[in-house]
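Enquirer: Quick one: sequence plus predicted model below, questions after.
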2 protein chains.
Amino acid sequence: MSSLQPRTLDPRLDLMVDRIVRVPPKVAWAAWTQPEPLRRWYAPSPGTVTECEIDLRPGGVFRFVIRGPDGNESRIDSCYLEVVPYQRLIWTNALVAGYRPALDGFFTAEMTLQERENATLCTTIAMHRDEDDRNQHAAAGFHDGWGTVLDQLGAYAPSIKTDH
Amino acid sequence: MSSLQPRTLDPRLDLMVDRIVRVPPKVAWAAWTQPEPLRRWYAPSPGTVTECEIDLRPGGVFRFVIRGPDGNESRIDSCYLEVVPYQRLIWTNALVAGYRPALDGFFTAEMTLQERENATLCTTIAMHRDEDDRNQHAAAGFHDGWGTVLDQLGAYAPSIKTDH
């Protein structure tokens, strides 16, 4: 499989987490792009994904709700920008579905899957408008949060049926 | 030529201007997507476009500077989202090149070209996050500004060489 590279990081503005996941890119892709598999790993435990809506095309909605252990819910409403099956997904919460500007978005995410021997390297990059937003996102737990959920993806993905 | 329809307007959040331009869609497309033709009509006269950079692909930059008659310059930095040759162009100033969130963007624009007899219907829609932004954009002269430049496009476009 040819393979798209993750973008070059701007360390002043971007945050990055990657993990090796022991499934082929096709299975990792299903976990990222279908509501039912995504709900199983996308909230840092003991949080849970209580809602998830995916319209997998540029301009389509990516919306989910995470309920924390305290019962508080966070809703994240994003818009897909690029969808390259099994390789790359880009979305932003600076826009909502149909590309309309969002009320309070602050990051664009790029997720890249690269095939490795019997596995996939999954790289997630969050891009911000300025250093303040980047640093606030880091302080709010970006690395722990995304690192945790990618670990959860790694634990869960091998059980995904390939007909997903 | 098959033809994409403009999106359905949300009158609470969107603004729209359209004009018939007496050239084929291919020529109107050149006027919208190449710096030299675009500079000839994109600033409401007597303003001028003093800089223009176009990287015509999703995620590519669309950046221009307009100098007003008072010498003041406005720089608009946007990111293309969809590029459907001769039919549809979508860009936003809520993101900059590479889809990075912008510091102060507030609209997404959709420009649609539909073939008519010996002419093209050019429809531009600006989408906003809320009614305040829409109303401010309207008060700042959206209809006059975009109406004026589409009239200028109509006057200029017939002189564009088709090898553009």
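Expert: Yep, it's here.
Enquirer: From here on, just use CA atoms for contacts and neighbour counts.
Expert: Fine.
Enquirer: what's the longest strand anywhere in chain A packed up against?
Expert: Secondary structure of chain A per DSSP state E: the longest strand is strand A:73-84. Applying 3 or more CA pairs under 8 Å, 6 or more residues apart in numbering or on different chains; DSSP states H and E, one finds that strand A:73-84 contacts strand A:61-67, strand A:88-92.
Enquirer: any idea how far the spatially closest residue to A:E73 that is not a sequence neighbour is from A:P46?
Expert: Of all residues not flanking A:E73 in the chain, A:R67 sits nearest, at 4.3 Å (CA to CA, 6 or more residues apart in numbering or on different chains). From A:R67 across to A:P46, the span is 9 Å (CA to CA, to the nearest Å).
Enquirer: who has more neighbours, those two?
Expert: A:R67 (18 against 9; other CA atoms under 10 Å in any protein chain shown).
Enquirer: If the spatially most central residue of chain A is in a bridge, with which residues?
Expert: Most central in chain A under CA atoms, centre = their mean is A:M111, positioned 6.2 Å from the mean C-alpha point. Going by DSSP bridges, A:M111 is paired in beta bridges with A:L89, A:T124.
Enquirer: Just the residues contacting stretch A:116-131, thanks.
Expert: A:6, A:9, A:12-25, A:28, A:106-115, A:134, B:100-103 (CA atoms under 8 Å, 6 or more residues apart in numbering or on different chains).
Enquirer: So among those, which ones count as buried?
Expert: A:6, A:13-18, A:20-25, A:28, A:106-115, A:134, B:100-102 (16 or more other CA atoms under 10 Å in any protein chain shown).
Enquirer: Among the residues you listed, which are located in helices?
Expert: Using DSSP state H to define helices, the subset of these located there is A:P25, A:A28, A:R134.
Enquirer: Verify the contact between the last one and A:D10 for me.
Expert: Pointing back at A:R134 there. No: if you go by CA atoms under 8 Å, A:R134 and A:D10 don't touch, sitting 10.7 Å apart.
Enquirer: Can you give me the buried ones in the longest helix that chain A contains?
Expert: Longest helix in chain A, counting residues (DSSP H): helix A:142-156. Of all the residues in helix A:142-156, those buried under the rule 16+ other CA under 10 Å are A:142-143, A:145-154, A:156.
Enquirer: quick one, what contacts A:T108?
Expert: So A:T108 contacts A:I90, A:W91, A:T92, A:N93, A:A94, A:A126, A:M127, A:H128, B:Y99, B:R100, B:P101 (CA under 8 Å, 6+ apart).
Enquirer: give me that answer again for 7 Å
Expert: Residues in contact with A:T108, defined by CA atoms under 7 Å, 6 or more residues apart in numbering or on different chains, are A:W91, A:T92, A:N93, A:A126, A:M127, A:H128, B:Y99, B:R100, B:P101.
Enquirer: gap between the residue lying closest to the second one once chain neighbours are set aside and B:Y156?
Expert: Leaving out its chain neighbours, the residue that sits closest to A:T92 by CA to CA, 6+ apart is A:T108, at 4.1 Å. When distances are taken as CA to CA, A:T108 and B:Y156 turn out to be 38 Å apart.
Enquirer: Ok, A:E115 next?
Expert: Distance from A:E115 to B:Y156, by CA to CA: 51 Å.
Enquirer: One more: A:G98?
Expert: 31 Å.
Enquirer: where does chain A come near chain B, residue by residue?
Expert: A:A94, A:Y99, A:R100, A:P101, A:A102, A:L103, A:F106, A:F107, A:T108, A:M127, A:H128, A:R129 (CA under 7 Å from any CA of the partner chain).
Enquirer: could these go into CSV alongside distance to B:L38 and pLDDT?
Expert: Below are the residues of chain A next to chain B laid out as CSV (distance: CA to CA, whole Å; pLDDT from 0 to 100):
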residue, distance to B:L38, pLDDT
A:A94, 27, 98
A:Y99, 24, 98
A:R100, 25, 98
A:P101, 25, 98
A:A102, 29, 97
A:L103, 31, 94
A:F106, 31, 93
A:F107, 31, 97
A:T108, 29, 98
A:M127, 30, 98
A:H128, 30, 98
A:R129, 28, 97
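Enquirer: I'd like those residues laid out as TSV, including distance to A:E51.
Expert: Converted to TSV, the residues of chain A next to chain B look like this (distance: CA to CA, whole Å):
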residue	distance to A:E51
A:A94	20
A:Y99	21
A:R100	21
A:P101	22
A:A102	19
A:L103	20
A:F106	21
A:F107	21
A:T108	21
A:M127	25
A:H128	25
A:R129	28
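Enquirer: Cool, thanks, signing off.
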